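Q: Predicted model, plus sequence, below.
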Number of protein chains: 2
Amino acid sequence: MAKIKAAILGFGTVGQGIYQVINEKREDLKKSLGLDIEISAILVNNLSKVRPETPGVLITDDFEDIINIPGLQVVFEGIVNEEPAYSYLCRAIDKGCHVITANKVMFSKYSIPLQERAKSRGVFIGYEATTAGGVPVIKTLKNLLQVNTVEKIQGILNGTSNYILTQMRLNECQFEDALKEAQELGYAEADPYNDVSGKDAFYKLMILSALAFGKQPNWNDVKIIGIDDITLEDVKKAKKEGLRYRHVAEIVQDEDGELYASVGPQLVGSDHPLYAIDGVNNAVSLDTNYIGTLTLVGPGAGSLPTASVMVEDYAEIIGKRAGFFITI
Amino acid sequence: MAKIKAAILGFGTVGQGIYQVINEKREDLKKSLGLDIEISAILVNNLSKVRPETPGVLITDDFEDIINIPGLQVVFEGIVNEEPAYSYLCRAIDKGCHVITANKVMFSKYSIPLQERAKSRGVFIGYEATTAGGVPVIKTLKNLLQVNTVEKIQGILNGTSNYILTQMRLNECQFEDALKEAQELGYAEADPYNDVSGKDAFYKLMILSALAFGKQPNWNDVKIIGIDDITLEDVKKAKKEGLRYRHVAEIVQDEDGELYASVGPQLVGSDHPLYAIDGVNNAVSLDTNYIGTLTLVGPGAGSLPTASVMVEDYAEIIGKRAGFFITI
């Protein structure tokens, strides 16, 4: 049976998840795709760090070792930040590799040029994991867009912010206490800036914009407000009125094709599709012309949910390239 | 540009929606698929009935006129009940046509043999519209199953029942009054038996079972309870306790591979994924091994939502057959 050689860039939470899921599902993937997959190499930052065992896999801190693997066909990327991730993926694409990324910071900025580059080389980019973790909003949107026009997208795209707002309401605690709890549970980073400032949700919204509308608004025109100014008093007042604070990333296209995007707290009532989304969940609500409003809810982060949708991307890309059509 | 010839079987709510959506999206589909589509013929029950104009389309009440169209490649089916729908689709498949169906009664019983038949002829069956209308649960499940194992499915699969339960709670009205309102709004049929008895939800659950587990439980072993025994007093009592009645179709696979399915009212608390689903919406919650719980919510019926997902099925089947891979 032919074998697909793959590499993983970055071996943190996401990279380790990919390695685990591929190993656990290798036999099933063989059956469904008719092709085997082998993780040939993993790129790490620090060779001396202790990490899970990966027998037979080249572990290197030099990207040249990866890109020069003869016959490499797929690169999974789970690095943080724009660079060197973007340069690595450009080189992988130029070499004819399919790339599957979870890197929202990089992809929010480069989704359009990177996809054009991939198209010109005849390879594909999987990026389901960049937005809303295990919630398959990218695939759902791609399918919808074959027939529907999207008019508006509203999402809870940062689980940490949503967890904090949920705890403030349920336990009537201060922002700082809820944040501390989120950090203790591993939901929030030691530096929670990207999460609570709205920056993280903004990146994901820009990825959805590029897909749904084929373009993004001018980044400087997007008002981004975090949740750190919401007080316990605000939350209590809202609760009394039957309302809830949700941190909503939102984008609308008007009749002239202009995009209007914002990220910030909104007070929503019980008839709003995001009212019921509690805890670390993410949710995306899509307003479309034929179907109406469709809402997807699920885990927005985590090693295995993220890895799982990346391996789904792999199965989709390889399955289609090999001329398969999985009907089950 | 090559042209795909298609026929529509049945010209009620669903059939008319398909005709409308295909005509509105024909130019877009040409661009994305590189192939034109033409509705060559429509099968109707009663030729003398007044219906929307369909210039240039053969309108017939004889299936032989349809099946003998030279070069027919796609059949959209929007008929109700098992027969003659099943026989028609078998003949279309045997002739090498792809079929796209919205017929849950037929497909719940014949999903497995019909798919085997299609496979042996090298054609495909689109059946997104059979289950939860505009909510893309079939495509989402197919994707998930490439990597994930589904452990449990819970769904609100009948919008009429959910609307009635919602109105009973919100307006504190009797079952009969809520049903009458649903009928006046066109949500419920004149004969509401299939909706309120749980039968309709049962059919959809069996379709999900065949997809998620590759088999169905013995139909006679599935307990099906409707909502017609729920009184206003029950609903009020639940409301006081912070609970809600939901009509839940549920299936679980145990460790030995045995399936346990049921359809009936459940009292759920605010932490349940179906607690917040009000009105005519449908929702499906999928418990999977890697991703965790994923919930999809949206319109479970209606002409355009249903037609839209059927035309998405068309785009998927034709796009893949033509070797396209829509990246957008």
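A: Nice, thanks for sending it over.
Q: beta partners of A:Leu296?
A: Beta-bridge partners recorded for A:Leu296 (DSSP bridges): A:Val284, B:Leu296.
Q: In this structure it contacts A:Ile277, no?
A: No - contact criterion CB atoms under 8 Å: A:Leu296 and A:Ile277 do not qualify, at 10.5 Å. Using the backbone N, CA and C atoms, a C-beta is placed for each residue, glycine as well.
Q: so what sits against both of the two?
A: Residues touching both A:Leu296 and A:Ile277 by CB atoms under 8 Å, 6 or more residues apart in numbering or on different chains: A:Ala283.
Q: Can you tell me how far A:Asp313 is from chain B?
A: A:Asp313 is 10 Å from chain B, where distance means CB to the nearest CB, to the nearest Å.
Q: what's near enough to touch that residue?
A: Applying CB under 8 Å, 6+ apart, the residues near A:Asp313 are A:100, A:126-129.
Q: Show me where the stretch 101-250 of chain A has its helices.
A: Taking DSSP state H, counting those that start in this stretch as the criterion, the stretch 101-250 of chain A carries its helices at A:104-121, A:137-145, A:159-171, A:175-184, A:193-196, A:199-213, A:232-240.
Q: Figure out which of these is closest to B:Ala249.
A: helix A:137-145 (21.7 Å; CB to CB).
Q: Indicate the residue of chain A located nearest to chain B.
A: Across chain A, the shortest distance to chain B (CB to the nearest CB) belongs to A:Ala276, at 3.1 Å.
Q: With adjacent residues omitted, what lies nearest to that residue?
A: B:Ala276 (3.1 Å; CB to CB, 6 or more residues apart in numbering or on different chains).
Q: Now the one you found. Its backbone dihedrals?
A: Backbone torsions of B:Ala276, given as degrees, to the nearest 10, read phi -90, psi 0.
Q: same deal with the one 10 residues further on?
A: Geometry field for B:Leu286 lists phi and psi as phi -110, psi 120, criterion degrees, to the nearest 10.
Q: tally of neighbours for it?
A: 26 (other CB atoms under 10 Å in any protein chain shown).
Q: Kindly report the same for the one 10 residues further on.
A: When neighbours are counted by other CB under 10 Å, B:Leu296 registers 24.
Q: Then A:Leu33?
A: Other residues within reach of A:Leu33 by the criterion other CB under 10 Å amount to 21.
Q: Test my guess that it contacts A:Ala315.
A: Yes - with contacts counted by CB under 8 Å, A:Leu33 reaches A:Ala315, the gap being 6.4 Å.
Q: How about the contacts made by the most centrally placed residue in chain A?
A: The residue lying closest to the centre of chain A (CA atoms, centre = their mean) is A:Thr130, at 2.2 Å. Contacts for A:Thr130 (CB under 8 Å, 6+ apart) come out as A:101-104, A:107-108, A:138, A:204, A:207.
Q: one more time with 7 Å
A: A:101-104, A:107, A:204, A:207 (CB atoms under 7 Å, 6 or more residues apart in numbering or on different chains).
Q: Any regions of chain A where pLDDT drops low?
A: Within chain A, the ranges that satisfy pLDDT under 70 run A:321-328.
Q: biggest helix in it by residues?
A: helix A:13-33 (DSSP state H).
Q: can you list contacts of that one?
A: When contacts are defined by CB under 7 Å, 6+ apart, helix A:13-33 is touched by residues A:1, A:8, A:36-37, A:39, A:42, A:52, A:54, A:76, A:78, A:102, A:303-304, A:306-308, A:310-311, A:315, A:318-319, A:322, A:324, A:326, B:146-147, B:290.
Q: Can I have the buried ones of these as a PyMOL selection?
A: In PyMOL, a selection of the buried entries from those looks like this (16 or more other CB atoms under 10 Å in any protein chain shown):
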select buried, (chain A and resi 8+37+39+42+54+76+78+102+303+304+306+307+308+310+311+315+318+319) or (chain B and resi 146+147+290)
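Q: Where helices are concerned, which of the contacts of helix A:13-33 count?
A: A:303-304, A:306-308, A:310-311, A:315, A:318-319.
Q: Contacting chain B as well, which ones from those?
A: Among the ones in helices among the contacts of helix A:13-33, the residues lying close to chain B (CB under 7 Å from any CB of the partner chain) are A:304, A:308, A:311, A:315.
Q: Am I right that the last one is in contact with B:Gln146?
A: It stands for A:Ala315. Yes - with contact defined as CB atoms under 7 Å, A:Ala315 counts as touching B:Gln146 (4.2 Å).
Q: Distance to B:Leu58 and neighbour count added to the contacts of A:Asp313, as a markdown table?
A: Putting those into a markdown table (distance: CB to CB, whole Å; neighbours: other CB atoms under 10 Å in any protein chain shown) gives the following:
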| residue | distance to B:Leu58 | neighbour count |
| --- | --- | --- |
| A:Ile100 | 47 | 28 |
| A:Gly126 | 43 | 25 |
| A:Tyr127 | 45 | 26 |
| A:Glu128 | 43 | 26 |
| A:Ala129 | 48 | 31 |
